[in-house]
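In: build me a model from this:
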Amino acid sequence: MITVDPKLLNLRPGQRVLDLGCGEGRHAIHFSITDQVEIFGVDLSAQDLATATERAQPFAENGQQAGSLQFCVGNALALPFPADHFDVVICSEVLEHIEDYQGVLGEILRVLKPCGLFAATVPAFFPEWVCWKLSDAYHQVEGGHIRIFREKGLRKAIESLGFKYFARHKAHALHAPFWWLKCLFWGQDEKPILRQYHRFLVWDMMERPLLTRGLEAVLNPILGKSVALYFVKPAAERSVTTEQDASLLPAQNMPAEETAIREESTV
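Out: Residues are numbered from 1 along each chain as shown. All right, here's what the predicted structure looks like:
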C-alpha cells in the first residue's frame with residue numbers, strides 16, 4: 001500500500017529516486033518493481049531497513065525488480081548525497097515525526113535536481129486530530145507524531161523554499177476509522193472489532209475489489225488518513241533569508257480545535 005500517486009511522479013527509466021524516511025520500504029520496493037529507476041531508501045532505523053531488505057529480497061531473487069534498489073542508514077538532516085543528485089524525492093509520513101522538519105525540507109531541496117519532483121505526505125488534519133483526542137499514548141510514544149500539520153501551513157513552508165506546488169490528493173480513507181478504533185481501545189489489540197477491521201484492511205489491500213476501491217475514492221476527499229502534496233524544484237533556485245523563512249513558517253503545534261477544523265475545511 002503506497003500513499004503517493006505514481007502517475008504524478010512521471011518516473012522515467014534511469015532516474016534516481018530517494019525514498020527519505022523509507023521505514024520498512026513500502027514505496028521503495030513498489031517503485032523498484034514497477035519502474036526502471038534507481039531507488040535509494042534512507043532511514044534512521046537500522047531495524048526497519050533490515051525488514052525492508054528482507055521484504056525486497058524475494059522480488060530480487062525472482063527477477064521481479066525492474067530497477068535497482070539500495071537501502072542505507074542516514075539522517076534526514078544531513079543526507080550522504082551530493083547536491084542535485086536525485087530526480088525525484090519521496091518523503092512519506094515522516095515530517096510529523098521530526099522536530100526540525102524545516103531542516104529536512106532544506107536537505108531535500110539540496111539533493112533534488114533542478115526541475116526535479118518532490119512528493120510529501122503527512123497525516124491529514126481531521127483524522128489525525130481525532131486520534132490525538134482519543135488517545136494521548138498515540139502521539140506520546142517514542143518516535144511518535146509530535147505535531148499535526150495544517151495542509152496550508154505545510155504547503156506554505158515548502159513553497160517558501162522556492163518549490164512550485166502542482167498537485168495534491170488525500171488517501172487511505174478506509175484506514176481512518178481503524179486508527180480511531182485503535183486509539184479508542186489503545187493497548188487492547190485483541191478487541192474483536194480491531195481484529196476484524198484489520199483483517200478487512202488486509203483483505204482489501206490484497207484483493208482490491210472494485211466496491212471498496214470506489215468507496216475509498218468517494219471518501220478520500222473527506223476522510224483520507226493522509227494528504228499528499230507535489231512540488232517541482234525550479235530550474236533557478238530562489239534564495240530565501242532566515243528572516244523570510246521565520247515569517248512564512250507558522251507554528252505547526254496542536255491548534256485550537258474549532259478554529260483549526262474550520263481552516264482545514266477550506267482546503
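In: quick check, central residue of this protein?
Out: Ser92 (1.7 Å; C-alpha atoms, centre = their mean).
In: any idea how far Gly63 is from it?
Out: 27 Å (C-beta to C-beta, to the nearest Å). All C-beta spots, glycine's among them, are computed from the backbone N, C-alpha and C.
In: and Ile148, by the same measure?
Out: From Ile148 to Gly63 the distance is 43 Å (C-beta to C-beta).
In: what about the helices in the stretch 151-267 of the chain?
Out: 151-159, 175-184, 192-207, 210-223, 242-248, 257-265 (DSSP state H, counting those that start in this stretch).
In: of those helices, which is nearest Arg16?
Out: helix 151-159 (20.6 Å; C-beta to C-beta).
In: packing partners of the closest one?
Out: helix 101-111, strand 112-123, strand 164-171, strand 226-232 (3 or more C-beta pairs under 8 Å, 6 or more residues apart in numbering; DSSP states H and E).
In: where along the stretch 1-150 of the chain do the strands fall?
Out: 16-20, 38-43, 68-73, 86-92, 112-123 (DSSP state E, counting those that start in this stretch).
In: okay if I get those strands as CSV plus distance to Arg168 and mean pLDDT?
Out: Below are the strands of the stretch 1-150 of the chain laid out as CSV (distance: least, C-beta to C-beta, whole Å; pLDDT from 0 to 100):
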stretch, distance to Arg168, mean pLDDT
strand 16-20, 19, 98
strand 38-43, 23, 98
strand 68-73, 28, 97
strand 86-92, 14, 98
strand 112-123, 10, 98
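In: now render those as TSV, adding distance to Tyr165.
Out: Shown next, in TSV, are the strands of the stretch 1-150 of the chain (distance: least, C-beta to C-beta, whole Å):
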stretch	distance to Tyr165
strand 16-20	19
strand 38-43	24
strand 68-73	29
strand 86-92	15
strand 112-123	10
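In: which one of the ones you listed lies closest to Lys182?
Out: strand 112-123 (13.6 Å).
In: show residues contacting that closest one.
Out: 3-4, 8-10, 84-93, 95-96, 108, 131, 145, 148-149, 154, 158, 163, 171, 225-237 (C-beta atoms under 8 Å, 6 or more residues apart in numbering).
In: Val88: how many residues sit nearby?
Out: 24 (other C-beta atoms under 10 Å).
In: typo on my end, Ser160
Out: Using other C-beta under 10 Å: Ser160 sits among 18 other residues.
In: just the pLDDT for it.
Out: Listed pLDDT for Ser160 reads 97.
In: and it, how close does it get to Val104?
Out: Where Val104 is concerned, Ser160 sits at a distance of 14 Å (C-beta to C-beta).
In: so how far is Phe126 from Gln47?
Out: From Gln47 to Phe126 the distance is 32 Å (C-beta to C-beta).
In: and those two? Which one has more around it.
Out: Phe126 (18 against 9).
In: and the pLDDT at that one?
Out: Looking at Phe126, its pLDDT reads 97.
In: just Met1 next, same as before
Out: pLDDT, read off for Met1, is 88.
In: where does pLDDT dip in this structure?
Out: 236-267 (pLDDT under 70).
In: give me the number of residues near the residue nearest to Tyr230 when sequence neighbours are not counted?
Out: In this structure, Tyr230 finds its nearest non-sequential neighbour in Ala167, 4.2 Å apart by C-beta to C-beta, 6 or more residues apart in numbering. Applying other C-beta under 10 Å, we find 14 residues neighbouring Ala167.
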